[in-house]
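Enquirer: Mind looking at a prediction? Sequence and model below.
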2 protein chains.
Amino acid sequence: MGSTARKRILVLGGGFGGIATVRALHKALHGRTDIAIALVNQENYCVFQPMLAEVISGNISLLNTVTPIRDVCPGATLYVRTVERIDLDHKVVITSPGFRPGPSVLPYDYLVLALGTLDNFSVVRGLQEHGLHFKNLGDALVLRNRLIHLLEEADSEPDAALRRRMLTFVMAGGGFSGVEAIAEVNDFVRDVARRYPHVDPADLRVVLVHAGPRILPELPESLSRYAQTLLTRRKVEMRLQTRLAAVTADEAHLSDGSVLPTKTVVATIGATPNPVLLALPCQHERGRVVVNAALEVPEYPGVWALGDCAHIVDHTTGQPCPPTAQYAVREGQQVARNIVAALAGTAPRPFAFADWGMMGALGHRAAVGQVLGIRVSGWPAWVLWRAVYWSKLPGVTRKVRIALDWLCRLLLPRDYTQLNVAPSERLTRAHFEAGEVIVRQGDPGDLMYVMIDGEVDVVQQQAAGGERVVATLTQGAWFGEMALFTEEPRSATVRTRTSVTVLSVDRRTFQTLVTHLAPLREAFARLMQRREAADQARRQPHEQEQVGC
Amino acid sequence: MGSTARKRILVLGGGFGGIATVRALHKALHGRTDIAIALVNQENYCVFQPMLAEVISGNISLLNTVTPIRDVCPGATLYVRTVERIDLDHKVVITSPGFRPGPSVLPYDYLVLALGTLDNFSVVRGLQEHGLHFKNLGDALVLRNRLIHLLEEADSEPDAALRRRMLTFVMAGGGFSGVEAIAEVNDFVRDVARRYPHVDPADLRVVLVHAGPRILPELPESLSRYAQTLLTRRKVEMRLQTRLAAVTADEAHLSDGSVLPTKTVVATIGATPNPVLLALPCQHERGRVVVNAALEVPEYPGVWALGDCAHIVDHTTGQPCPPTAQYAVREGQQVARNIVAALAGTAPRPFAFADWGMMGALGHRAAVGQVLGIRVSGWPAWVLWRAVYWSKLPGVTRKVRIALDWLCRLLLPRDYTQLNVAPSERLTRAHFEAGEVIVRQGDPGDLMYVMIDGEVDVVQQQAAGGERVVATLTQGAWFGEMALFTEEPRSATVRTRTSVTVLSVDRRTFQTLVTHLAPLREAFARLMQRREAADQARRQPHEQEQVGC
C-alpha cells in the first residue's frame, strides 16, 4: 500500500473540519503519487449535524443525514478506528484494534488534529447513568426509539401518575443543538400520540432546561424571544436560569429544587476535550490545543489543529474563533493549503474568516437566524434554512434522498416504527437520589444490585403495621439476588439514605455469572446456607453484607 | 379500559396470520362496542418478510419493510410484550413486564394462537454463539452492518489470508429465505467492494450450503436448476447435499469435512416451536398445535391456532397446509369468520384454500416462480415478483415509500453506511472446534475467558524452541485475565483439545465485575498472591484452576 518514500498526511477525525481538510488536500494534490492521504474516524460515515434533529421525528430517514466517508473523500485511505494515543516525538498515531488483537500504529509526516470534543456527563449526578446523548446518528436513533417505546408503554399503563411520568420529556441545554432537538421531539410526540388511543395529549409534557436567561444565546435577543414565544405556544415548557442538578431513572432534579417526574432526560451540555489531545505535550487553552495564526502547533511543526479541539485566534480581530461547522470547514481548507505550501517549501498563510451568520430550526415549518446581518424568523427563515443546508449537503445522492424525504413527509403520515436491535446480557449502572425506593417489598424481582457508592436502608413491613429498618448497606454490598433465584416477590424494601450509584444485573446475566464463575457461585452457596440458618433462628436481623430482597 | 362485560378477543403474534385475523375481525365487528380486540406482539411493527432480504443490500430503506401495527390494525389494542405463559383453564395470558416490575395478565374470552416458530440454533455446534439469524428487521440490520464492517476491516488488513477470511460469507439453508438473502448479500458485497481500494474482488467468496440435492425444493426441478445456474454465474458457490457441522468465530465446518475460513455464517435452518405453545395441555403434531377443520383447538373451544405454529389439515385434500404467508393470511381470515360465527351462536366453517403459487427473488433483476401452474424465470419473473408483492404491501404509505426506494436504487449509487448503536458492557459466549487457538502467546490481550465445557491445553514456547504443555483446563477454569490487569502480552497460548465453549468477558466488563463484586475481587487477590509465589519459585507449572495468559 504505497512505498515508504511517500509523504504521509494523516487527518484525525471525520467531522466537518477533518472532511474539509481531506477534500481540499485531494483537490490540490490529485494525481501526486508521492503523497498518501489517510483519515481516521470512529465510523465509516460523516454526520451532517444540522439535520440530525430531523431524524428524531422521522422527517429524514435514518441514514440520510450521513454520508459514507469513502464517497466524499475518494482520494484518502480510511481507517475506521478510535485514536488511542498520539506520539508527536516519534510521529505515530496508535489506534484501537480491529479484528486482530493489538493496536494499529499509523506513522505520519504531516498530522491534522480535528477530533472535536466529547460529551462530559460527569458534571451532573446520575447523568452518565440515565442521560441520553444527542450528538451522533446512534444517539438520534436511541432517542427516537425511546420516545416510541414510552408511548407504547403509556398506552397500556393503567396508573395515571406513571403514565404522565412516561410522557414527560426533558432536554438540558438551550443552544442550537438542544433547541432543534426538543422542537423535533415536541412535534413528533404530539403528532404520533394521536395513534395511541389511551394516551391523553394533555398528559404530554416537553420541558427545556437552560442555564442562561434566554435560549439560543448566540443570536440577538429579539430572535431568542421569538423562538421562546413560538416554542411556548407549541407547549414546550421553558425553565430558564435553571440547571439540571441530578438525574435518576424516574426523575430530573433541577437547581431550583423542583423535581420533574420523567423517564427521559436528554443533555447537550458539558463538552470536554478529547483526553488523547489533553495528553499531548503542547500548550492548551481551556483544554484546546493552542495553534498559531497558520493553524500549526508551534511546538511541533507539521502538526495542525482545527475545529472544536483547537484554540484559534482570528489574527485580524484578535477574537477566538467560535466552534461552529462554518469555521471548521474554512479552517480545514486553510490547513490543506498550508500543508500544500509546506510540501512546496513555501510559507504558510494565516487564517481569517467572517461567517455568513447562523440559523436554528424550530420544528414544524419555523426557524430563526441572522444571515449576513439580517434577522429572519418564522416560515421564511425555515425555507431559507432548508435551502442553505440542502445546498451544503455533500454530493448529489444525499441531495436527492433528502429532497424525497421532505416530499414524503409532506404527503405521507409520520412513521413511528420502533427499531430494537437485540440486547445482549447486561450490566448497567443506575443512579438514585436520597429517599428513592430501589426495590419494593412484594414486587416481583428482575434485577439484582451491587452498591458502588452511597447508603441504603433495608426496610421490612411489619405484620402489625409500620416498618422496621433491618439493615443499612454501603459500598460493595449486594441486594435483590434472592428474587432472581427463587422467583418469589421481594422480601424487603430498599430505600436510599443518600445519593446512591448501583450496578444492576439482569436475571440472565446474573445466572451466567453465577453458573460460570466459581468464586461467585461459592459465595452464593455460603450465603444461602447462612440464610437458611437465619430462617431457622426466625426473624433474626439480616447480615450487613448481603440482604435478600 | 372498557367494561368487563365486553367479549375480549386476544390474538397472540403479529405475523401475517395474526395481523390478517385482527384486520378481518375489525372489518366484521366494526362499531360493536360489546367487543374488545387486542393483539400481543414483541414489536410495535409487523415485518413484510418477502422484502426483508432487500434491506441487506439497501434496495429498500431500513424501515420501509415494516409497518406500525397500529396503522394496519386500527380497531385493536396493541400490547408490545413477549408472551410468557398461557393458562387455558383460567383463560388468561401472562406477558413480560414493561416499565413496572412484574408480568401483565391479559384475560380473554376468545384466543387466537399465531406465534409462529423460533430459530433453533442448538442443532449445530457453535451456531448459537456465532451464527447470524435472518428473520426480523433487527437481523437484517445486523447482517448488513457486519458486511460493511468486514469490508472496512479488510481494506486496512495487511494479512492476505485474514483478508480472505473476512471476505468469505456463508449461508446455511437453501429455501426461499436463504436463497433470497444470499443473492442480496452477493449483489451488495460485489457492488460495494469497488469503493474499497485495497479489497480485491477476486477475494470475495459467497457460499450457499444446502442439505438437499437442489435449492428451492418447493419449486419444480427445472426452476431450481435455473436458480442454481444463475447464482453460480454470479459467483455464488453452491455446496449441495452438505450440512453445516460446526461454527466458530473463524471457520465454518461442513459435513463433508471441509472447513471454510469465514467470519460470517448466516443460518435459515432449524425452526422450533415456541416453548409457550409446547407447554399447552393440548395435542401437538411435531410441536405444532393440532386444530380441527375449523382451525379450533378441539380440547379448548374458543381457542384457535393458525400459521406456522398450528398443524392444519386441508379437509378437501387431506394434506397438511404448508407454513407460508399466503396460507397464514387465509387461515387468519377464516378464524376471524369463525369467531364472528361463535359470537353469533352459529356454526364455524372449515378451512380450504388453494394457493396461487410461489416465487423467489434471486437478486439483481432476476427471480423464479410458479404462478397459477405456469413456470416463470429471469427478469419477467422479477417484474412479476415486484408487482405481486408490491400490491400486497399494507397501506398506501408503504407502497409509495417502497416505489421511491426502488426508483432511488435505479438512479443513485448504493448506500453503505455502517450503523453502530453503542454497545454496553458485555459477556459473550464463543465456540471453538478442536485444535483452534483461543489466545496466542505474545499477542496483546483484550478478553478473559471462563470455560463452559470442553478441554484446552495451555502451552508455552520454550526459549530453546519447541513448546511445552503447562496445564490442561476444563469446565469452570478461567484464563486470560492477567493480560487485562497488566496490559502485558499473553504469556502462553491456549489451544483447544476438544470442541469448547467459553464465556468471554471484555476489559471493561471484567473491571466492573472485579471492582464491584467482592468474592471475585478476593479470588483474584488470592490468585495474584499464588502467582507471585510461583514466580519466585521460578517456572513451576501453573495451577490447574487459573492460568494467567
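Expert: Good, I have the coordinates. Because the structure is a prediction, the values reported are computed rather than measured.
Enquirer: Every contact and neighbour count from this point should use C-alpha atoms.
Expert: Fine.
Enquirer: Residues of the stretch 251-400 of chain A that sit close to chain B?
Expert: Counting by C-alpha under 8 Å from any C-alpha of the partner chain, the residues of the stretch 251-400 of chain A close to chain B are A:T397.
Enquirer: Now do the helices in the stretch 251-400 of chain A.
Expert: Assigned by DSSP state H, counting those that start in this stretch, the helices in the stretch 251-400 of chain A fall at A:275-278, A:325-344, A:378-392, A:395-411.
Enquirer: Give the buried residues for the longest one.
Expert: For helix A:325-344, the buried set under the neighbour-count rule, 16 or more other C-alpha atoms under 10 Å in any protein chain shown, comprises A:325-340.
Enquirer: what packs against it?
Expert: helix A:16-29 (3 or more C-alpha pairs under 8 Å, 6 or more residues apart in numbering or on different chains; DSSP states H and E).
Enquirer: C-terminal to the helix it packs on, what's the next element?
Expert: Using DSSP states H and E, the helix or strand that directly follows helix A:16-29 along the chain is strand A:35-41.
Enquirer: what about the next helix or strand after that next one and chain B, touching?
Expert: Heading C-terminal from strand A:35-41, the first helix or strand you meet, by DSSP H and E, is strand A:45-47. Yes. Shown here: strand A:45-47 in contact with chain B (C-alpha under 8 Å from any C-alpha) through A:Y45.
Enquirer: I'd like the mean pLDDT over the following helix or strand past strand A:45-47, please.
Expert: Tracing the chain past strand A:45-47, the next element assigned as helix or strand by DSSP H and E is helix A:53-57. Taken as a whole, helix A:53-57 carries a mean pLDDT of 87.
Enquirer: Quick one: list the elements packing against helix A:53-57.
Expert: Judged by 3+ C-alpha pairs under 8 Å, 6+ apart, the packing partners of helix A:53-57 are helix A:137-155, helix A:176-192.
Enquirer: which residues touch the helix or strand following the longest one?
Expert: Once the chain leaves helix A:137-155, the next helix or strand it forms, by DSSP H and E, is helix A:160-166. The set of residues that contact helix A:160-166 without belonging to it, under C-alpha atoms under 8 Å, 6 or more residues apart in numbering or on different chains, is A:150-151, A:153-154, A:157, A:203-204, A:250, A:261-264.
Enquirer: can we see that at 6 Å?
Expert: Residues from elsewhere that reach helix A:160-166 (C-alpha atoms under 6 Å, 6 or more residues apart in numbering or on different chains): A:150, A:154, A:203, A:261-263.
Enquirer: thinking again about what came up before, can you put the helices and strands packed on helix A:53-57 in a markdown table and add mean pLDDT?
Expert: Shown next, in a markdown table, are the helices and strands packed on helix A:53-57 (pLDDT from 0 to 100):
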| stretch | mean pLDDT |
| --- | --- |
| helix A:137-155 | 88 |
| helix A:176-192 | 94 |
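Enquirer: Could you dump these into JSON lines with mean neighbour count and distance to B:A245 added?
Expert: Below are the helices and strands packed on helix A:53-57 laid out as JSON lines (neighbours: other C-alpha atoms under 10 Å in any protein chain shown; distance: least, C-alpha to C-alpha, whole Å):
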{"stretch": "helix A:137-155", "mean neighbour count": "21", "distance to B:A245": "36"}
{"stretch": "helix A:176-192", "mean neighbour count": "22", "distance to B:A245": "48"}
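Enquirer: circling back: pick out the shakiest of the helices of the stretch 251-400 of chain A, pLDDT-wise.
Expert: When I compare the helices of the stretch 251-400 of chain A, helix A:395-411 is least confident, with a mean of 83.
Enquirer: Within the sheet, what are the partner strands of the helix or strand that that one is followed by, with directions?
Expert: Heading C-terminal from helix A:395-411, the first helix or strand you meet, by DSSP H and E, is strand A:427-432. Next to strand A:427-432 in the sheet, as set by DSSP bridges, lie strand A:500-506 (antiparallel).
Enquirer: helix, strand or coil for A:F510?
Expert: Per DSSP: H, G, I helix; E, B strand; the rest coil, the local secondary structure of A:F510 is helix.
Enquirer: coming back round to it: which of the helices and strands packed on helix A:53-57 sits closest to chain B?
Expert: helix A:137-155 (5.1 Å; C-alpha to the nearest C-alpha).
Enquirer: could you give the angle of the closest one to helix A:176-192?
Expert: Per axes from the mean of the first three to the mean of the last three C-alpha atoms, to 10 degrees, the angle that helix A:137-155 makes with helix A:176-192 is 30 degrees.
Enquirer: Mind giving me the packing neighbours of helix A:137-155?
Expert: Helices and strands touching helix A:137-155, as assessed by 3 or more C-alpha pairs under 6 Å, 6 or more residues apart in numbering or on different chains; DSSP states H and E, are absent.
Enquirer: how does it look with 8 Å?
Expert: Counting contacts by 3+ C-alpha pairs under 8 Å, 6+ apart, helix A:137-155 packs against helix A:53-57, helix A:160-166, strand B:77-80.
Enquirer: Need the helices of the stretch 251-400 of chain A in TSV (columns: distance to A:V368).
Expert: As requested, the helices of the stretch 251-400 of chain A are exported to TSV (distance: least, C-alpha to C-alpha, whole Å):
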stretch	distance to A:V368
helix A:275-278	35
helix A:325-344	17
helix A:378-392	6
helix A:395-411	19
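Enquirer: A:M448 - that's part of a strand, no?
Expert: Yes. The assignment for A:M448 is a strand, going by three-state DSSP.
Enquirer: For it, which residues are in contact?
Expert: The contact partners of A:M448, by C-alpha under 8 Å, 6+ apart, come to A:478-481, A:484, A:504-507, A:510.
Enquirer: roughly how far apart are it and A:V105?
Expert: According to C-alpha to C-alpha, to the nearest Å, A:M448 stands 42 Å off from A:V105.
Enquirer: again with A:H311
Expert: Distance from A:H311 to A:V105, by C-alpha to C-alpha: 27 Å.
Enquirer: Between these two, which is the more surrounded one?
Expert: A:H311 (24 against 15; other C-alpha atoms under 10 Å in any protein chain shown).
Enquirer: dump the residue contacts of that one.
Expert: By C-alpha under 8 Å, 6+ apart, the contact list for A:H311 reads A:284-285, A:288-291, A:320-321.
Enquirer: Check A:L127 too.
Expert: Contact partners of A:L127, counting by C-alpha under 8 Å, 6+ apart, are A:121, A:246-248.
Enquirer: So it versus chain B, what's the distance?
Expert: 16 Å (C-alpha to the nearest C-alpha, to the nearest Å).
Enquirer: which SSE is the closest residue to A:R521 other than its chain neighbours in?
Expert: The shortest distance from A:R521 to any non-neighbouring residue, by C-alpha to C-alpha, 6 or more residues apart in numbering or on different chains, is to A:V514 (4.9 Å). If you go by DSSP H and E, A:V514 is part of helix A:507-516.
Enquirer: my read: A:I438 touches A:R495, true?
Expert: Yes. Using C-alpha atoms under 8 Å, A:I438 is in contact with A:R495, at 5.9 Å.
Enquirer: Looking at these two, which one has more neighbours?
Expert: More crowded of A:I438 and A:R495, by other C-alpha under 10 Å: A:R495, with 23 against 17.
Enquirer: Which pLDDT value goes with the more buried one?
Expert: At A:R495, the model reports a pLDDT of 93.
Enquirer: what is it paired to in the beta sheet?
Expert: Beta-bridge partners, per DSSP bridges, of A:R495: A:V437, A:D457.
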